[in-house]
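In: quick check, what structure comes out for this input:
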Amino acid sequence: MLILNARLVLFAVLGCFISTHVQAIVFPKNGGAGQGIYNTNFSVQADGTVKTWGALNYDSPPATQLVPAIYTGLANVKMVSGVSFVKNDGTVWKIPFGGSSFLNKPANQVPIYNVTKIAESHLHTIALKSDGTVWGWGDNQQGELGIGSFTYDEQTPVQAIGLTGIIDVSAGGSNSRSSYALKSDGTVYAWGGNEYGQFGNGGTCGSPFCGIPTPTLIPGLTGVLQIASGYTHTVALKSDGTVWAAGGAFGVNFRQIAGLNNVVAIAAGQYSSMALKNDGSVWSFSNSNNPIASVVSGLMNIQSIEYTEGGAIAFATSTNGTVYLWGNGYLGNGTSNGSDSPVILGEIAPTPPPSSEIHQVPALSESWLLIMLIATIMISFTVQMKLKKSGGC
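Out: Now for the predicted structure:
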């Protein structure tokens, strides 16, 4: 009995010792600037570092990085949209995309704070603050900053008027200078360009490059959990797991996408969009007047989906941290060729979090556990020797 108890204690101590080395997995957050002025991709790692591949400057042809490389100009990052990043402290930083390669240049800080999410489009960026307000900077010729007027450019962040209680934001793609805000009550506000009917309000703003400069409630669109804006269209995920789209070939009113249910996340691309179901499968549907979703083959156990700004490249990250890419552009696989089917970005994997995030057994340090382990082994050995001398088992 003494030997059994000693061995049980030994196994328990070993279990405690091993458990101090169990680390939480944080998955990469991917994005980039897609086709157009940029063709650059990024992956934010679990430790807050940033990896990049694709175009590195404006040159024609540009300097390129065909496989992921560390961008040394940023740290402590939690998300990326386009070429802009949000740090853990709520500050926003942007890649200095001009002149020579940006790989060894520090990022530039944008004068805004307490940011929880950003959404970057071709010429403008909007940000959601922790107080539920929305701010924007960049081009405003179509009213995409939501300040109630049209201006050429705003370099300093300005607040979109009339918006409170916002929980999510999205910005239209390269050919669609529009902005969207999702309120906590499931309603959606839109402003900026609506020339393709992407607001889903039954019409357009009337002419090319027209816009609505004030955030406006989209009528009839309720129970929304997520909003995503693409090249000329907008996609909405409702609380019942269904997906709806408007704009371009979808028409000027939101219509349900056939074949989609139990959806937990959406992403809007250039000519197609994606939906992630609760079983980990990814489904794609094109910008069409008869949209029908079909499963993306080669993917399983997916936990997040994303597009680059402009929607040229799609990302899917599995539950084990594997990143898949497909689309038109640099896929980080050593060539500049795209792929219609998902390929694995093998060089990027989830990085273990900082030591402060290591889960340890409360009140037991590693050194104390080591002492307990040695003591238990010695006790077990002593007991066994005594039993042998006394003729026991």
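In: residues contacting the nearest residue to residue 53 once chain neighbours are set aside?
Out: Nearest non-adjacent residue to residue 53, counting by C-beta to C-beta, 6 or more residues apart in numbering: residue 332, 4.3 Å away. The way it works is simple: take the backbone N, C-alpha and C, and place the C-beta from them, glycine included. By C-beta atoms under 8 Å, 6 or more residues apart in numbering, the contact list for residue 332 reads 41, 53, 54, 66, 67, 68, 325, 345, 347, 348.
In: buried subset of those, written for PyMOL?
Out: Entered in PyMOL, the line below selects the buried ones among the contacts of residue 332, by 16 or more other C-beta atoms under 10 Å:
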select buried, resi 41+53+54+67+68+325+345+348
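In: now intersect the contacts of residue 332 with the strands, please.
Out: The strands, defined by DSSP state E, take in 41, 53, 54, 66, 67, 68, 325 from the contacts of residue 332.
In: pLDDT and distance to residue 310 added to these, as JSON lines?
Out: Formatted as JSON lines, these follow (pLDDT from 0 to 100; distance: C-beta to C-beta, whole Å):
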{"residue": "41", "pLDDT": "91", "distance to residue 310": "11"}
{"residue": "53", "pLDDT": "92", "distance to residue 310": "16"}
{"residue": "54", "pLDDT": "91", "distance to residue 310": "12"}
{"residue": "66", "pLDDT": "92", "distance to residue 310": "20"}
{"residue": "67", "pLDDT": "92", "distance to residue 310": "22"}
{"residue": "68", "pLDDT": "92", "distance to residue 310": "20"}
{"residue": "325", "pLDDT": "92", "distance to residue 310": "15"}
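In: follow-up on the earlier one: need the contacts of residue 332 in JSON lines with distance to residue 201, can you?
Out: Below are those laid out as JSON lines (distance: C-beta to C-beta, whole Å):
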{"residue": "41", "distance to residue 201": "34"}
{"residue": "53", "distance to residue 201": "39"}
{"residue": "54", "distance to residue 201": "36"}
{"residue": "66", "distance to residue 201": "44"}
{"residue": "67", "distance to residue 201": "45"}
{"residue": "68", "distance to residue 201": "41"}
{"residue": "325", "distance to residue 201": "34"}
{"residue": "345", "distance to residue 201": "39"}
{"residue": "347", "distance to residue 201": "44"}
{"residue": "348", "distance to residue 201": "40"}
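In: mind listing the helices for the stretch 251-393 of the chain?
Out: Here the stretch 251-393 of the chain has its helices, by DSSP state H, counting those that start in this stretch, at 366-389.
In: mind showing which ranges of it have poor pLDDT?
Out: Flagging of the stretch 251-393 of the chain using pLDDT under 70 yields the residue ranges 346-393.
In: for residue 314, state which of the contacts of residue 332 is nearest.
Out: residue 325 (6.9 Å; C-beta to C-beta).
In: for the closest residue to that closest one other than its chain neighbours, give me its contacts.
Out: In this structure, residue 325 finds its nearest non-sequential neighbour in residue 331, 4.5 Å apart by C-beta to C-beta, 6+ apart. Residue 331 sits next to 313, 325, 337, 338, 339, 343, 345 when contact means C-beta under 8 Å, 6+ apart.
In: again with residue 120
Out: 33, 81, 82, 83, 84, 171, 309.
In: only whichever of these are buried, select them in ChimeraX.
Out: To isolate the buried subset of the contacts of residue 120 in ChimeraX, counting by 16+ other C-beta under 10 Å, use the following:
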select :33,81,82,83,84,171,309
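In: from the ones in strands among the contacts of residue 332, which single one is nearest residue 278?
Out: residue 325 (23.0 Å).
In: quick one: that closest one from residue 292, how far?
Out: Here residue 325 is placed at a distance of 24 Å from residue 292 (C-beta to C-beta, to the nearest Å).
In: just residue 301 next, same as before
Out: In terms of C-beta to C-beta, residue 301 sits 24 Å off from residue 292.
In: would you map out the domains in this structure?
Out: Domain segmentation of the chain under automatic domain parsing yields 2-20+362-389, 29-357.
In: can you tell me which of these is most buried?
Out: Neighbour counts (mean count of other C-beta atoms under 10 Å) averaged over each of the domains of the chain peak at domain 29-357, with a mean of 19.
In: these two touch, right, residue 108 and residue 97?
Out: No. Judged on C-beta atoms under 8 Å, residue 108 makes no contact with residue 97 at a distance of 10.0 Å.
In: contacting residues around residue 278?
Out: So residue 278 contacts 241, 262, 263, 264 (C-beta under 8 Å, 6+ apart).
In: out of these, which is nearest to residue 229?
Out: Nearest to residue 229, judged by C-beta to C-beta, of the contacts of residue 278 is residue 263 at 17.0 Å.
In: isn't the closest one up against residue 241?
Out: Yes. If you go by C-beta under 8 Å, residue 263 and residue 241 touch, sitting 5.0 Å apart.
In: where do the strands sit along the stretch 1-150 of the chain?
Out: All strands of the stretch 1-150 of the chain, identified by DSSP state E, counting those that start in this stretch, fall at 29-32, 40-44, 50-55, 64-71, 77-81, 84-87, 92-94, 108-110, 115-120, 124-129, 134-140.
In: turn these into TSV, including distance to residue 146.
Out: Putting those into TSV (distance: least, C-beta to C-beta, whole Å) gives the following:
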stretch	distance to residue 146
strand 29-32	23
strand 40-44	26
strand 50-55	29
strand 64-71	31
strand 77-81	17
strand 84-87	18
strand 92-94	18
strand 108-110	17
strand 115-120	13
strand 124-129	8
strand 134-140	7
